[in-house]
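# Predicted model and sequence below, questions to follow.
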Amino acid sequence: MTTAQADAALDEAQLLIIASLQELIERLDAGLLDEDARAELATDLFTGAAAVARLAQAVAA
């Protein structure tokens, strides 16, 4: 993977995480998430954030 490809992948991952957070906030505000759904979304977001962190480390190396 070239640096440009890695940078593009990192940007895309960050945008996906931001969109997920926005959706989570909207659903929480509307009272649309039960406890299980909140836990599942939180797990997905942390998994995505960890993937972004690993990609950022690879780009920096």
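Thanks, I have the structure now. Fair warning: this is a prediction, and the values are worked out from it, not measured in the lab. Numbers count the residues shown, from 1 in each chain.
# make it CA atoms for all contacts and neighbour counts henceforth
Will do.
# Give me the pLDDT for Met1.
Reported pLDDT at Met1 in the predicted model: 69.
# what's the longest helix in this protein?
Once the chain is assigned using DSSP state H, the helix that runs over the most residues is helix 3-30.
# Packing partners of it?
Based on contacts counted as 3 or more Cα pairs under 8 Å, 6 or more residues apart in numbering; DSSP states H and E, the elements that helix 3-30 packs against are helix 35-60.
# three-state assignment of Leu32?
Put simply, Leu32 is coil when judged by DSSP: H, G, I helix; E, B strand; the rest coil.
# separation between the residue positioned nearest the centre of the chain and Leu55?
Most central residue of the chain, judged by C-alpha distance to the mean C-alpha position with Cα atoms, centre = their mean, is Ile17 at 2.7 Å. When Cα to Cα, to the nearest Å is the yardstick, Ile17 and Leu55 sit 14 Å from each other.
# Need the residues that contact stretch 47-60.
With contact meaning Cα atoms under 8 Å, 6 or more residues apart in numbering, stretch 47-60 is reached by 3, 6-7, 10, 13-14, 17.
# change it to 7 Å
Stretch 47-60 is contacted by residues 3, 6, 10, 13-14, 17 when judged by Cα atoms under 7 Å, 6 or more residues apart in numbering.
# quick revisit: and the longest helix of the chain with helix 35-60, angle?
Computed by axes from the mean of the first three to the mean of the last three Cα atoms, to 10 degrees, the angle separating helix 3-30 from helix 35-60 equals 160 degrees.
# buried stuff in helix 3-30?
Counting neighbours by 16 or more other Cα atoms under 10 Å, one finds that the buried residues in helix 3-30 are 6-7, 9-10, 13-14, 17, 20, 24.
# Return the distance of it from the chain's centre.
Computed by Cα atoms, centre = their mean, to the nearest Å, the separation of helix 3-30 from the middle of its chain amounts to 5 Å.
# can you start the count at 647 instead of 1 from here on
Noted, 647 is the first residue going forward, which turns the last one into helix 649-676.
# measure the residue nearest to the centre of the chain to Ile671 for me?
Distance of Ile663 to Ile671, given as Cα to Cα: 12 Å.
# now swap in Ala650 and tell me
Distance check for Ala650 against Ile671: by Cα to Cα, it reads 32 Å.
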